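Q: Just to be clear, the model below is a prediction. Sequence and coordinates:
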Amino acid sequence: MVLNPQTLRVYLVTDPALCPGPTLIETVTAAVRGGVTFVQLRDKTASTRDRIAAARALKAALTGTDVPLVINDDLDAAVAAGVDGVHIGQEDVSLVTARKRLGPTRIVGLSCGMPEHVAAADSKLADYLGLGTVFPTSNKSDHKPTIGIDGLARLARLARVPTVAIGGLKPDHAMDVLRAGCDGIAVVSAICGQPDPERAARKLCNAISPKIEDPV
C-alpha cells in the first residue's frame, strides 16, 4: 500500500512494563487524543494468544480514529487479530513472507539499523522503515549499536519509502529527527508510563508543530 508519511509523524510503541494490561488501552487512547498518529503493539514476552487478545482490544478502542495499529514481530498475531499490519526486524520473518500473508493493502514496516539494511529493503514490499537505534534505551536491552543523528541522516538518505526514527528519543529530539530526513519520531517511555500520556503526546506533537494547544 502507499502509506501517507504524515501517518508516521508521532509513532507510539507500547511497553508492557510501562503500560501493563489494565492500563494499555487507557494509555494508548489518551496518547491518541494527544496527537499520536500510529501505534505499534510490542510485547516481547507475551504469547501469540495474548498478543491477539491485546491487539483486538486496542483495535476496538482505536475504531474511528484512523490511527493504524501494527504488531511487532508476530505475523501470526497480526493476521489473526485483523490489525492494520506488522512491524518486523531483520531477524524475523522475511518481507516476502509478511507481504504474502498480509496482502497488498495492509502495512509492513521493517527495522533497519545499517545502510545495507536500507539498501536491501524492497520498496514494493515494505511500506515504511524504522531507523535506529538512534540513542541508547533501557526499553530494549538487546538493541543494536546506536547510530546517533548523523547515522540516522545517512540511513534516511538511502530510504525509498517513508521512515520513522526509533531509539531513546524524546521531544527535544523531534526537530533533529525531521531535519535528518525522517517522516516521524517513534517513542516508548516519552509517552508510556508518563503520569499523563495525553499531555506527553501533545508535548511531542508541539515539538514537531506548535499548532496543537496544550491546555492548562
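A: Alright, I've got the coordinates.

Q: In the chain, where is pLDDT below threshold?
A: Across the chain, the ranges flagged by pLDDT under 70 are 139-143, 210-216.

Q: Where do the strands of it begin and end?
A: 10-13, 38-41, 69-72, 85-88, 107-112, 128-131, 163-165, 184-187 (DSSP state E).

Q: List of residues touching the second one?
A: This means strand 38-41. 7-14, 28, 31-32, 51, 54-55, 58, 62, 67-72, 83, 87, 109, 164, 184, 186 (CB atoms under 8 Å, 6 or more residues apart in numbering). Where you see a C-beta, it was placed from the backbone N, CA and C, and this is true even at glycine.

Q: before we move on, back to that, what's the closest of the strands of the chain to residue 206?
A: strand 10-13 (10.4 Å; CB to CB).

Q: For the closest residue in space to residue 175 that isn't next to it in sequence, give me its contacts.
A: Spatial nearest neighbour of residue 175, excluding adjacent residues (CB to CB, 6 or more residues apart in numbering): residue 207 at 6.8 Å. Applying CB under 8 Å, 6+ apart to residue 207 gives the contacts 171, 172, 174, 175.

Q: What's the separation between the closest residue to the third one other than its chain neighbours and residue 177?
A: Leaving aside its chain neighbours, residue 174 sits nearest to residue 207 (3.8 Å; criterion: CB to CB, 6+ apart). Distance of residue 207 to residue 177, given as CB to CB, to the nearest Å: 10 Å.

Q: CA atoms only: put stretch 192-207 into CSV for me.
A: Output in CSV follows, covering the C-alpha atoms of stretch 192-207 (Å, rounded to 0.1, in the frame of the first residue of the first chain):
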residue,chain,number,x,y,z
CYS,A,192,4.1,5.1,28.1
GLY,A,193,4.5,5.3,31.8
GLN,A,194,4.1,9.1,31.9
PRO,A,195,1.6,10.4,34.5
ASP,A,196,-0.5,12.0,31.8
PRO,A,197,0.0,10.2,28.4
GLU,A,198,-2.3,12.6,26.6
ARG,A,199,-0.2,15.6,27.8
ALA,A,200,3.0,13.8,27.0
ALA,A,201,1.8,13.1,23.5
ARG,A,202,0.7,16.6,23.0
LYS,A,203,4.2,17.8,24.2
LEU,A,204,5.8,15.7,21.5
CYS,A,205,3.4,17.0,18.9
ASN,A,206,4.2,20.5,19.9
ALA,A,207,7.9,19.8,19.5
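
Q: just how off-centre is stretch 192-207 within its chain?
A: With CA atoms, centre = their mean, to the nearest Å as the basis, stretch 192-207 stands 15 Å off its chain's centre.

Q: Break down the protein into its helices, ranges please.
A: 21-33, 48-61, 75-81, 95-102, 115-120, 148-158, 174-179, 197-208 (DSSP state H).

Q: would JSON lines of the strands of the chain with distance to residue 149 and mean neighbour count be doable?
A: As requested, the strands of the chain are arranged in JSON lines below (distance: least, CB to CB, whole Å; neighbours: other CB atoms under 10 Å):
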{"stretch": "strand 10-13", "distance to residue 149": "17", "mean neighbour count": "28"}
{"stretch": "strand 38-41", "distance to residue 149": "21", "mean neighbour count": "26"}
{"stretch": "strand 69-72", "distance to residue 149": "24", "mean neighbour count": "24"}
{"stretch": "strand 85-88", "distance to residue 149": "22", "mean neighbour count": "27"}
{"stretch": "strand 107-112", "distance to residue 149": "16", "mean neighbour count": "25"}
{"stretch": "strand 128-131", "distance to residue 149": "11", "mean neighbour count": "28"}
{"stretch": "strand 163-165", "distance to residue 149": "9", "mean neighbour count": "29"}
{"stretch": "strand 184-187", "distance to residue 149": "12", "mean neighbour count": "26"}
